[in-house]
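Asker: Got a sequence here, can you build the structure:
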Amino acid sequence: MSSKWGEKELKRLKFFRRTFFIRFILILYSIIVIIPFLMIFINSFKTNREFYESIWALPRRLNFDNYVLAFEQANISQYFLNTVIVCVTSVILTLSLSTMVSYAIARRKMKSGPKLYFLFLIGLLIPQIVGIVPLFLMARVFRLFDTLFILILSYATATIPFCVFVLTAFFKTLPSDLEEAARIDGASNTHVLISIMTPLAKPGLITAGVFCFLDYWSEYMKALAFIATPSRKTISLGMLTFKPVSGFKIDWGVLCAACVLFILPVVVVYAVFQRNLLDGLTAGAIKG
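Answerer: I've put the predicted structure just below:
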């Protein structure tokens, strides 16, 4: 018993020695990434005077007035609502369209399936900024300029190639027994997709949905190009409210509080779906 225990400890020690350098690099990288976010969080509770005295020192007290001012000055609540509407609707739309396309490519025996899949892969190579001018002209023609609907359409369609790439790999590896049994019972293609295949592809849907949400939440260029009315701006545009308006004066405490509010939903979404996201990426890597 003692010899077996010694062998286990020896293996653990050898594994630790082999991975020490990688662990050190990862820990160092984590510290470099965390420090800026920690500084923003600490400074969000400071007054301007405390900020200029030392950005590294802890605040004398928790000054939640900065968060109140962030909501009042920049109308953060309205920008939050607009962004949530755009992001959630875009994720639902892009996943719905991508699921149907991916199922047709992966499970339906079509001669044009590989060519269609190749066309979507080409879409991954095209930078989204290239389409801003054509989208702007189309928005003016169809009278969609300065509406949330144009953001929803542009966001959802831009990420369809990525979602098709992820979901097709999942649909190709799903077992066909349930699908064949449903068809024998007389189920239609729509029923098979909605009731059987889509629940089985849940890891892929969560993975694609989380990445799309993170992309939509921080998107800036399209929102700047298509939205002009202040009440329809997204949270990324709302951050411009904190630029200097009187000389060079900036209320750094309020600005840091607004940054925390901007980052918080992204952290929450990632924390909630972290396990599903990692499982989805691992399953896609193994099955694809």
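Asker: any idea of the pLDDT on residue 282?
Answerer: As predicted, residue 282 sits at a pLDDT of 60.
Asker: Please disregard the earlier target; I meant residue 246.
Answerer: With respect to pLDDT, residue 246 has a value of 42.
Asker: Quick check: which ranges of the stretch 101-250 of the chain have low pLDDT?
Answerer: 243-248 (pLDDT under 70).
Asker: Kindly recompute the last result at 50.
Answerer: In the predicted model of the stretch 101-250 of the chain, residues 245-247 satisfy pLDDT under 50.
Asker: burial of residue 249, as a residue count?
Answerer: Neighbours of residue 249 under the rule other Cβ atoms under 10 Å: 9. Quick note: C-beta positions are derived from backbone N, CA and C, even for glycine.
Asker: Can you tell me how far it is from residue 259?
Answerer: 18 Å (Cβ to Cβ, to the nearest Å).
Asker: which helix of this protein spans the most residues?
Answerer: Assignment by DSSP state H gives helix 76-107 as the longest helix of the chain.
Asker: buried residues in that helix?
Answerer: Residues of helix 76-107 classed as buried by neighbour count (16 or more other Cβ atoms under 10 Å): 76, 78-80, 82-83, 86-87, 89-91, 93-95, 98-107.
Asker: now for that helix, which elements pack on it?
Answerer: With contacts taken as 3 or more Cβ pairs under 8 Å, 6 or more residues apart in numbering; DSSP states H and E, helix 76-107 sits against helix 113-125, helix 148-158, helix 160-173, helix 202-217, helix 235-238, helix 252-272.
Asker: got the angle for it vs helix 202-217?
Answerer: Relative orientation of helix 76-107 versus helix 202-217 (axes from the mean of the first three to the mean of the last three Cα atoms, to 10 degrees): 140 degrees.
Asker: quick one: helix 76-107 to helix 113-125, angle?
Answerer: Here the directions of helix 76-107 and helix 113-125 differ by 150 degrees (the same axes, to 10 degrees).
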